[in-house]
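Chemist: with the sequence up front, the predicted model follows.
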Amino acid sequence: MDPTNKVAVITGASRGLGAGLAERFLERGLRVAACARRRPALADDESRLLTRAADVTDTDAMAQLCTAAVERFGRVDLWINNAGLLAPIGPLRDNDPGAFALHMQVNVVGVFNGSRAFIRHLHARGGDGVLLNISSGAARNAYAGWSAYCAGKAALDRMSEAIALEEADSGLRVHAVAPGIIDTDMQTMIRSSTPEQFPRVQKFLDLKTKGAFSSPPFVADRLLELAFDPSAADTPVLTSLPLEHV
Ligand code: NAP
């Protein structure tokens, strides 16, 4: 498996997992187009890196990101819908309706917008491509205090399965990937929850004490294997990465 010169688009790449994926992909020789609401502060040669301030909730901005990547690099091989929110946390009865609606805009409509842009590019150019939608264990198990996050990630999972059926003959492979636990701003927000808001908060405080997180480079390498190693071709649509420390 040699990912050199493959072209990847990563959303939500200004910090956290997305920024770590972009850095590692560049180290591994990929060309990268990275976006977030705040333009990612990544540095590399223009022939290998394109950065944009773009909001995943904006359909046109995602189409323009795809077009810009194709104009700069000639094609897109891998699209990673990574941008995501955790808030609102706490019992649904206390959630702000506007915060819940924004969550769905980013975590569900944002994935729709990115997926749509990439799939339309694949149909226009022909050939293969890989779509990775960053999911969570919260898609597959319900957790008190995370109704928005559980619902949004479950929607991402089922959207990915529907896309796989629609695109079965088009050369697209799609996976909804639970990446493990990575120590990002999102984890800081989880640890700052009260037990009343999020009854499982102690588990995440314990994880911090043990330092038992997967690192972004580890996750990046597993995602590249999933995308480009021929032995991964039969991986189910819904999948989870191994943990770096077990
Ligand atoms: P994070 O530290 O909060 O970073 C989120 C990223 O998404 C930031 O770059 C943010 O940048 C961007 N973003 C947020 N809203 C956006 C929007 N509307 N348009 C474009 N970009 C937007 O989160 P993370 O922990 O890295 O999480 C990344 C992904 O992994 C998420 O989908 C999360 O659900 C998933 N995940 C994380 C963990 C974990 O342990 N960290 C575990 C399971 C799944 P701006 O604020 O500049 O827009």
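Modeler: Looks like it came in fine. Residues are numbered from 1 along each chain as shown.
Chemist: what sits against Leu85?
Modeler: For Leu85, the contact set (C-beta atoms under 8 Å, 6 or more residues apart in numbering) comprises 102-103, 106-107, 149. No exception for glycine: its C-beta is placed from N, CA and C like everyone else's.
Chemist: same check on Cys150?
Modeler: Counted by C-beta under 8 Å, 6+ apart, Cys150 has contacts 138-139, 141-143.
Chemist: is it true that it lies in a helix?
Modeler: Yes: using DSSP: H, G, I helix; E, B strand; the rest coil, the assignment for Cys150 is a helix.
Chemist: which residues of this structure lie near the ligand?
Modeler: Applying C-beta under 6 Å from any ligand atom, we find that the chain lies next to the ligand at 11-18, 36-38, 55-57, 82-85, 106, 110, 134, 136, 179, 181-182, 184-187.
Chemist: please redo it, this time with the cut-off set to 5 Å
Modeler: 12, 14-18, 36-38, 55-56, 82-84, 106, 134, 136, 181-182, 184-186 (C-beta under 5 Å from any ligand atom).
Chemist: okay, and which of these map to helices?
Modeler: Of the positions in the residues of the chain next to the ligand, 16-18, 185-186 sit in helices, assigned by DSSP state H.
Chemist: PyMOL command for the buried members of those?
Modeler: Applying 16 or more other C-beta atoms under 10 Å to those, the buried members can be selected in PyMOL as follows:
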select buried, resi 16+17+18+186
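Chemist: burial count for Arg222?
Modeler: 20 (other C-beta atoms under 10 Å).
Chemist: please, which helix or strand holds it?
Modeler: helix 216-228 (DSSP states H and E).
Chemist: against which helices or strands is that helix packed?
Modeler: On a contact count with 3 or more C-beta pairs under 8 Å, 6 or more residues apart in numbering; DSSP states H and E, helix 216-228 meets helix 16-27, strand 78-81, strand 129-134, strand 172-178.
Chemist: got the angle for the third one vs helix 216-228?
Modeler: Which is strand 129-134. Using axes from the mean of the first three to the mean of the last three C-alpha atoms, to 10 degrees, the inter-axis angle of strand 129-134 relative to helix 216-228 is 140 degrees.
Chemist: what separates stretch 168-182 from the chain centre, distance-wise?
Modeler: 10 Å (C-alpha atoms, centre = their mean, to the nearest Å).
Chemist: quick one: contacts for the residue most central in space within the chain?
Modeler: Centroid-nearest residue in the chain, with C-alpha atoms, centre = their mean: Asn82, separated by 1.9 Å. Asn82 is in contact with 10-13, 17-18, 21, 134, counting by C-beta under 8 Å, 6+ apart.
Chemist: and the pLDDT at it?
Modeler: Looking at Asn82, its pLDDT is 99.
Chemist: what does Leu21 give?
Modeler: For Leu21, pLDDT reads 98.
Chemist: what's near enough to touch it?
Modeler: 10, 13, 80, 82, 216, 219-220, 223.
Chemist: SS state for Ala68?
Modeler: Under three-state DSSP, Ala68 comes out as helix.
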